[in-house]
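A.B. asks: give me the fold of what follows.
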Amino acid sequence: MSGTEDGQKHSQLPPPPSAPPAPDVETGAPPPAAPGAGSGMGVSAIVRRWRRDDLIRKGSLVLRGLALLFSLLAFIIMASNEHGDWKDFDRYEEFRYLLAISILATLYTGVQALRHIHQISTGQELVKLQTSALIDFAGDQVVAYLLISASSSAVPMTNRMRNNVDNLFTDCLAASISMAFFAFLTLALSALISGYKLSTQSYI
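C.D. replies: As a prediction, the model looks like this:
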């Protein structure tokens, strides 16, 4: 009778708690976490990444918009700088080069700004993320280099003219060069963001 009661008591006792998994001796890795552990930190990390990506997208759009504005101003100021005789930008190779690069930069930044606006408004990419990141990185660097090259080539001639005479023609030249330089700065900053986005892409 007592043996039967003891057996029933032992069968009603809860099972002993299982020991926590031991760490891997060979690799030294910690034991796997229990299901659901650290889920709060995982959600916060995802939210922070979303906010960072959204800030990067908006910052890239602002920089490209500024580059579009500066390159467009450089193009308009140089193209309208015609006052007859020697005061005509078309007579000088350096200024024609600056005009051509300003047109190229205006077209490039305009297309890129429209693409970013479409991405932010619709949430869809026109091309794959990896391809767009590579295009942004390469395009920003190439156009920024061309802008600083055109600005640098136009500065010596403008300085020589301003040493002899300072008039509306030379003032417009200086203004166009300044706008091209500002466009270079904004595209250089945009290239840094493009490089960061390219480095964070997964190609697996």
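
A.B. asks: name the nearest residue to Ala105, sequence neighbours excluded.
C.D. replies: Ser71 (3.7 Å; Cβ to Cβ, 6 or more residues apart in numbering). All C-beta spots, glycine's among them, are computed from the backbone N, C-alpha and C.

A.B. asks: what's the helix or strand where Leu192 lies packed up against?
C.D. replies: In this assignment (DSSP states H and E), Leu192 forms part of helix 168-199. Where contact means 3 or more Cβ pairs under 8 Å, 6 or more residues apart in numbering; DSSP states H and E, helix 168-199 is packed against helix 39-79, helix 93-122, helix 129-164.

A.B. asks: re earlier: what's the pLDDT at the residue nearest to Ala105?
C.D. replies: According to the prediction, Ser71 has pLDDT 96.

A.B. asks: how about it, what does it touch?
C.D. replies: Going by Cβ atoms under 8 Å, 6 or more residues apart in numbering, Ser71 touches Ser102, Ala105, Thr106, Thr109, Leu147, Met179, Ala180, Ala183.

A.B. asks: apart from its chain neighbours, what residue comes closest to the fifth one?
C.D. replies: So that's Leu147. Phe184 (4.0 Å).

A.B. asks: same question, Ser153
C.D. replies: Glu94 (4.8 Å).

A.B. asks: buried ones in stretch 87-100?
C.D. replies: Across stretch 87-100, burial judged by 16 or more other Cβ atoms under 10 Å covers Lys87, Phe89, Tyr92, Glu94, Phe95, Tyr97, Leu98, Leu99.

A.B. asks: give me the contacts around it.
C.D. replies: 74-75, 78-79, 81-82, 150-151, 153-154, 156-157, 167, 169, 173, 176-177, 180.

A.B. asks: am I right that Gln141 is in contact with Leu192?
C.D. replies: No: judged on Cβ atoms under 8 Å, Gln141 makes no contact with Leu192 at a distance of 10.1 Å.
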